[in-house]
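Chemist: Pasting a predicted model and its sequence here:
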Amino acid sequence: MSTLKRVHFASTNRVYSPIPTTPSPCASNSSLPSTPDLPTTPPEVDLSFDAGNHYPRSPYPLNSELFLDVEPKDMHIHSFLAYSPYQELQTAYDLSRSIQDVKQQHPAQTLMEAATQPPLQYFTIVCPEHLLWDIQVKASNPYPGSYVTVDDVLTAIYTHLRLPVNPLEYQRLDPQAKQAVDQAYFARVGRADPALREQEAKKGVKRVDFLQGLNMFMGLSGTHGGSDVWELNVS
């Protein structure tokens, strides 16, 4: 008798509240909490935004006034994170794989530089074509005047995409999208270590599977949502 392949869902799925004081018990040790699972309105692309602008090595002076009232056209993303479709990508990163793969390929000094200029203490990443959830990024350094670093961005994306999907979120997809998510789930589980494959399958569908196999990080681009909203591009 043939066995049908079915996707699984983690038995401890729940809706995550924004910025809780401790990580959700549903997430792995490397996972972080996220915003509630509300659909995101697709932002329009700001054609005047210069995503290819290179980021100077010296950071801005740490002043709280720098974090306020910045026009989107005056905000620039670090070249390491910038969406540059006509240039070779600095960050060749498969979002379905370990974050250590990309961190080990680049100097620690680069990863600790400010993600934006002027620096921001927090911002939001959206991926309206694929993700139902916003990714909240905030400075990991607890000291006053700290800012979001390149490392903070990569870590936030990674941990957010490792959060489990609950059945209600899955059911919001149309049949074609469900099929693509299923394929992404089975492909990801199939790439796991054979000794850990069954355990990985039981963890269920994760948010990274909602990328539907488009797992390559292509950088962040500006939006009309404001200077603190960036769009995740994948391929």
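Modeler: Okay, I see it. Numbering: from 1, shown residues only.
Chemist: Just name the shakiest helix or strand of the protein by mean pLDDT.
Modeler: Ranked by mean pLDDT, DSSP states H and E, the helix or strand of the chain with the weakest confidence is helix 100-103, at a mean of 86.
Chemist: so who does the residue nearest the centre of the chain touch?
Modeler: Centroid check for the chain by CA atoms, centre = their mean gives Ile157 as the closest residue, at 2.5 Å. Neighbouring residues of Ile157 by CB atoms under 8 Å, 6 or more residues apart in numbering: 95, 125, 135, 217, 232. Glycine gets a C-beta too; all of them are placed from N, C-alpha and C.
Chemist: Please state the offset of the helix or strand containing it from the chain centre?
Modeler: Taking DSSP states H and E as the criterion, Ile157 maps to helix 150-161. Its chain's average C-alpha position is 6 Å from that of helix 150-161, according to CA atoms, centre = their mean, to the nearest Å.
Chemist: For that helix, what does the pLDDT average out to?
Modeler: Helix 150-161 shows a mean pLDDT of 98.
Chemist: Buried residues, the very next helix or strand once past it. List them.
Modeler: Next in sequence after helix 150-161, counting helices and strands by DSSP H and E, comes helix 167-171. Neighbour-count burial for helix 167-171 flags 169-170 (criterion: 16 or more other CB atoms under 10 Å).
Chemist: elements contacting helix 167-171?
Modeler: The elements that helix 167-171 packs onto, with contact taken as 3 or more CB pairs under 8 Å, 6 or more residues apart in numbering; DSSP states H and E, do not include any helix or strand.
Chemist: Wait, Lys76 touches Pro119, no?
Modeler: Wrong residue type there; residue 76 is His, not Lys. No. Taking CB atoms under 8 Å as the definition, His76 is not a contact partner of Pro119, at 10.8 Å.
Chemist: distance between whichever helix in the chain runs longest and the chain's centre?
Modeler: For the chain, the longest helix by residue count, based on DSSP state H, is helix 175-191. Taking CA atoms, centre = their mean, one finds the center of helix 175-191 at 19 Å from the center of the full chain.
Chemist: Show me what that helix is in contact with.
Modeler: Applying CB under 8 Å, 6+ apart, the external contacts of helix 175-191 come out as 5, 7, 96, 170, 173, 197, 200-201, 205-206, 208-213, 215.
Chemist: Buried among those? Make that a ChimeraX selection.
Modeler: Those of these that count as buried under 16+ other CB under 10 Å are selected in ChimeraX with:
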select :7,96,170,173,200,201,205,206,208,209,210,211,212,215
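Chemist: okay, Leu168: pLDDT?
Modeler: Confidence score, pLDDT, at Leu168: 97.
Chemist: Against Gly225, how distant is it?
Modeler: Per CB to CB, to the nearest Å, Leu168 is found 26 Å from Gly225.
Chemist: what does Ser84 give?
Modeler: Ser84 is 20 Å from Gly225, where distance means CB to CB.
Chemist: out of those two, which sits in the more crowded spot?
Modeler: Legend: neighbour count by other CB atoms under 10 Å for Ser84 and Gly225, higher for Gly225 (20 against 16).
Chemist: who's in contact with the following helix or strand past the longest helix of the chain?
Modeler: The first helix or strand that comes after helix 175-191 along the chain, using DSSP H and E, is helix 197-202. Defining contact as CB under 8 Å, 6+ apart, one finds that helix 197-202 is touched by 8, 10, 188-190, 192.
Chemist: C-terminal to helix 197-202, what's the next element?
Modeler: Once the chain leaves helix 197-202, the next helix or strand it forms, by DSSP H and E, is strand 217-222.
Chemist: And for Leu232, nearest residue in space, chain neighbours not counted?
Modeler: Cys127 (4.1 Å; CB to CB, 6 or more residues apart in numbering).
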